[in-house]
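A.B. asks: sequence first, predicted model second:
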Amino acid sequence: MNFFTIGDFLARLLLFLLPRRISNRIRENTSPLEVYVLRTATMKSNEPRMTLFEGVFATLLFDMALFGTSNAIINGIISFFTRIQNSWDTPFTSEEEATAKVTEFCNRLDIQQQPWIWEKEKQSYSSLNDFFSRTYAPQHFPKIGDGQLVSPACCKIQSFVNDESMKSILIKGCNYDVANIGLPEEDLDAYRKNRVILGYLSPKDYHRVHAPISGKVVHCKMEGFDSPSASVKFFGGKFNLLNENKRLVIVLEEEGGEQGVDEEPLRVALVIIGGVGVNTITYDTQMIGKSIPKGHELSAFRAGGSAFALFTTKTMDILYPLQKAAEQRVHVETLVGETLAH
């Protein structure tokens, strides 16, 4: 009996035993999500928010925070889940095991297998984490859009007209402050008044993050390095994800002819957030000062859920479907490199 089977059994048992108020909240969190698919300009209304196992434990621990947000009990639980995720680093003993385990993982999470679009064949991955942090085969990598701003990841995004809007609509349950993220202080006022984009990478997604604009890296720093990161599924809960989770803060400054002689260049801050179970965010520690193209890989996650927040110092011409989705509070599914704004 594997981890997923045990998890499903425990989740169904708890759902049966828990009080109705809690079980109804779990059912709400695992109900289908309405999503606008950017690349096809279509809506889908049967997108699962999370598996039942994820829904039960994430709701109890991180949405309702039944054990609190910062104490020995919840920190111990988070550490336990992180140790489980770390077991994904256990090497496969044979090509046969690699093929079986990767296939099971793909089936479980509905990861594309036909055609196979990933860089290595199933039997060539060394561990489950090696596959989790996979990349595309070059011929299958999504096309980088021609817009000024592109999606940094394969994810589901929500956007808000400004930081205050995000706080009033979504982040209500904690003492979040944009000043405590780790962003450079000189641009905080600009980040507060311009659009904010939040992206969530589900376990099935490609878990690498890429540059949303072309430009020079002017800031790169890991924040909350020793923090026991909470689940990134519930930005509206009591856990202060943007201020307390482990997060990599990267700021890109546009170079060249995109602004006038006396005009301040556009700066885009990308906050790459590790969720529960994320023990490693890999990145180039020497990237400050480097000029990188739009779509260039910036970081990768190993195990666990993850998310990002994107802030800009200037108003951007965001795509109309994204504006409408934001007004209707609909999530938008994007591939890495898809244009978000001109």
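C.D. replies: Perfect, I can see it now. The structure presented is a predicted model; accordingly, all values stated were derived computationally and were not measured. Numbering: from 1, shown residues only.

A.B. asks: from the contact counts, what lies against the helix or strand encompassing Tyr200?
C.D. replies: Under the criterion of DSSP states H and E, Tyr200 resides in strand 196-201. Other elements packing on strand 196-201 under the criterion 3 or more CB pairs under 8 Å, 6 or more residues apart in numbering; DSSP states H and E are strand 155-160, helix 163-169, strand 306-312. Bear in mind the C-beta positions are built from the backbone N, C-alpha and C, glycine included.

A.B. asks: burial of the nearest residue to Ala230 once chain neighbours are set aside, as a residue count?
C.D. replies: With CB to CB, 6 or more residues apart in numbering as the criterion, Ala230 has its nearest non-adjacent residue at 3.8 Å, and that residue is Phe239. Phe239 is surrounded by 26 other residues when neighbours are defined as other CB atoms under 10 Å.

A.B. asks: for Phe239, which three-state class applies?
C.D. replies: What DSSP: H, G, I helix; E, B strand; the rest coil gives for Phe239 is coil.

A.B. asks: and it, its phi and psi?
C.D. replies: Note on Phe239: backbone dihedrals following degrees, to the nearest 10 are phi -80, psi 130.

A.B. asks: that one is in contact with Asn175, isn't it?
C.D. replies: No: because the distance of 11.1 Å does not satisfy CB atoms under 8 Å, Phe239 is recorded as not touching Asn175.

A.B. asks: adding mean pLDDT, write the helices and strands packed on strand 196-201 out as JSON lines.
C.D. replies: Listed next are these as JSON lines, based on pLDDT from 0 to 100:
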{"stretch": "strand 155-160", "mean pLDDT": "95"}
{"stretch": "helix 163-169", "mean pLDDT": "92"}
{"stretch": "strand 306-312", "mean pLDDT": "95"}
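
A.B. asks: please enumerate the helices of the stretch 101-250 of the chain.
C.D. replies: Chain-ordered helices for the stretch 101-250 of the chain, with DSSP state H, counting those that start in this stretch as the definition, fall at 128-132, 163-169, 188-193, 241-244.

A.B. asks: show me what the longest one is packed up against.
C.D. replies: Other helices and strands packing on helix 163-169, by 3+ CB pairs under 8 Å, 6+ apart, are helix 188-193, strand 196-201.

A.B. asks: pick out the residue nearest the middle of this structure.
C.D. replies: A centroid search over the chain (CA atoms, centre = their mean) returns Ala307, at 2.0 Å, as the residue closest to the centre.

A.B. asks: one step back: contacts only, for the residue nearest to Ala230.
C.D. replies: The neighbours of Phe239, taking CB atoms under 8 Å, 6 or more residues apart in numbering as the test, are Phe62, Ala65, Thr69, Cys174, Ala230, Ser231, Asn245.

A.B. asks: contact partners for the spatially closest residue to the last one that is not a sequence neighbour?
C.D. replies: Just to be clear, that refers to Asn245. The shortest distance from Asn245 to any residue that is not its chain neighbour, by CB to CB, 6+ apart, is 4.1 Å, and that residue is Ser229. Contact partners of Ser229, counting by CB under 8 Å, 6+ apart, are Ile78, Leu241, Glu244, Asn245, Lys246, Ile273, Gly274, Gly275, Val276, Val278, Gly304.

A.B. asks: next: Met43.
C.D. replies: When contacts are counted by CB under 8 Å, 6+ apart, Met43 is found next to Glu34, Val35, Tyr36, Val37, Val330.

A.B. asks: and these, which of them are buried?
C.D. replies: Val35, Tyr36, Val37, Val330 (16 or more other CB atoms under 10 Å).

A.B. asks: just give the nearest non-adjacent residue to the third one, would you?
C.D. replies: For Val37, the nearest residue in space outside its immediate sequence neighbours is Glu333; the separation is 4.8 Å by CB to CB, 6+ apart.

A.B. asks: how close does Leu266 get to Leu322?
C.D. replies: As judged by CB to CB, to the nearest Å, Leu266 and Leu322 stand 18 Å apart.
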